[in-house]
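> Have a look at this fold, sequence not included:
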DNA sequence: GCTAAACCGACCGCGGTGGTAGGATTTAGG
DNA sequence: CCTAAATCCTACCACCGCGGTCGGTTTAGC
């Protein structure tokens, strides 16, 4: 299990917001009901998205949440990062705000820690996959629209169980 | 934290075995000392690698472990899979031995679950990164050899802290 | 001023992670 | 044979993050 359910819930929430008309607030309760998720827990999840600036909110009656940007300008790596914190394949990966990746191991033990090379590649693979996907794509997908070629390979759709039911 | 320390320890162990002459057993104690890892815990880790057929063992005095194949024929996705179990980005991903990926959610709720598309891409990104790396590469790297271009991008080496100390 | 909603912080059971302990079994060497 | 060195095996445990709940406070529409 790479990601926790915070990511699952949060992504679903974002998709749900993406299906609504922008600037029109959607109550969390509506989303909780639609997706069958606990409201109180969703509050914590959406709070992370708000703090990351991905959604905006209005308080009071008829308040709710909406996307701060059009869905096609939100890449999923921002979303997942907001929900899960920094994407670190291994504990010793503590990446600060820059591109630098630090390792807690003794850096000068002659040979550099070789596992780092591996985890760096994995991290790159994950982040690239996330960056290549926009929220708009997922919204389209959830509406049952067959995706155009764009970044989606045949293997994707097959593995996602969309293609022929074999 | 994507992977647990089992993966970290296991990969280090494999690298250590890759530096030894093949068929010549290396005692776990030696590796534990070299890497500063608890012996008893390493036993559990190496057991997974053995059950996966990646290492062989000899019991008794002067026994130990060695790679069952040359290091350049071992791709890291086998290693990580043996250590961590199946690489699943999300709980609902229960991939069996085939290429199929199943999802526990209601499959016929009209719209298919869109998050699955995302997690499938991420899973692909991870597995591709792991497959593209062989144990032999890591062994070379640990010996301080500058890697040739091969599958390693400039960004990899920079992020791994190998390049200029800027 | 009532009600619906966002916001906030404290709490809590459970399971997995990262070990430890203690033994049983196998084998090389004297 | 006997002992030491090693693999192997099973049970146990402390800690902590995850998923979730609860109660309350604030804000805003009617």
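That came through, no problem. In this text, all values refer to a predicted model and were calculated from it rather than measured experimentally.
> Now do the same contact list for the residue lying closest to residue A:20 once chain neighbours are set aside.
Among residues not flanking residue A:20 along the chain, residue A:26 sits closest, at 5.1 Å (CB to CB, 6 or more residues apart in numbering or on different chains). For glycine as for every other residue, the C-beta is placed from the backbone atoms N, C-alpha and C. Contacts for residue A:26 (CB atoms under 8 Å, 6 or more residues apart in numbering or on different chains) come out as A:16, A:17, A:20, A:64, A:65, A:66.
> The third one contacts residue A:65, doesn't it?
No - applying CB atoms under 8 Å as the test, residue A:20 and residue A:65 come out as separate, 9.3 Å apart.
> The two: which has the busier surroundings?
A side-by-side neighbour count of residue A:20 and residue A:65, using other CB atoms under 10 Å in any protein chain shown, places residue A:65 first with 23 against 17.
> And what about that one, helix, strand or coil?
Of the three states, residue A:65 takes strand according to DSSP: H, G, I helix; E, B strand; the rest coil.
> what about residue A:17, which helix or strand?
Counting by DSSP states H and E, the element that carries residue A:17 is helix A:5-18.
> Could you export the contacts of residue A:26 as TSV, including pLDDT and distance to residue A:123?
Putting the contacts of residue A:26 into TSV (pLDDT from 0 to 100; distance: CB to CB, whole Å) gives the following:
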residue	pLDDT	distance to residue A:123
A:16	97	29
A:17	97	28
A:20	95	33
A:64	98	35
A:65	98	30
A:66	98	32
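> Check the burial of the residue of chain A found nearest DNA strand D by counting its neighbours.
The nearest approach of chain A to DNA strand D comes at residue A:60, 2.2 Å away (CB to the nearest atom of the strand). Neighbour count for residue A:60, taken as other CB under 10 Å: 7.
> in chain A, which spans are helices?
A:5-18, A:28-35, A:39-51, A:76-84, A:114-131, A:135-142, A:154-159 (DSSP state H).
> And the third one, how far out from the chain middle?
In this view, helix A:39-51 has its centroid 14 Å away from the chain centroid, taken as CA atoms, centre = their mean, to the nearest Å.
> Check the fourth one too.
Here the centre of mass of C-alpha atoms in helix A:76-84, compared against the chain's by CA atoms, centre = their mean, lies 4 Å away.
> Perfect, I'm done here.
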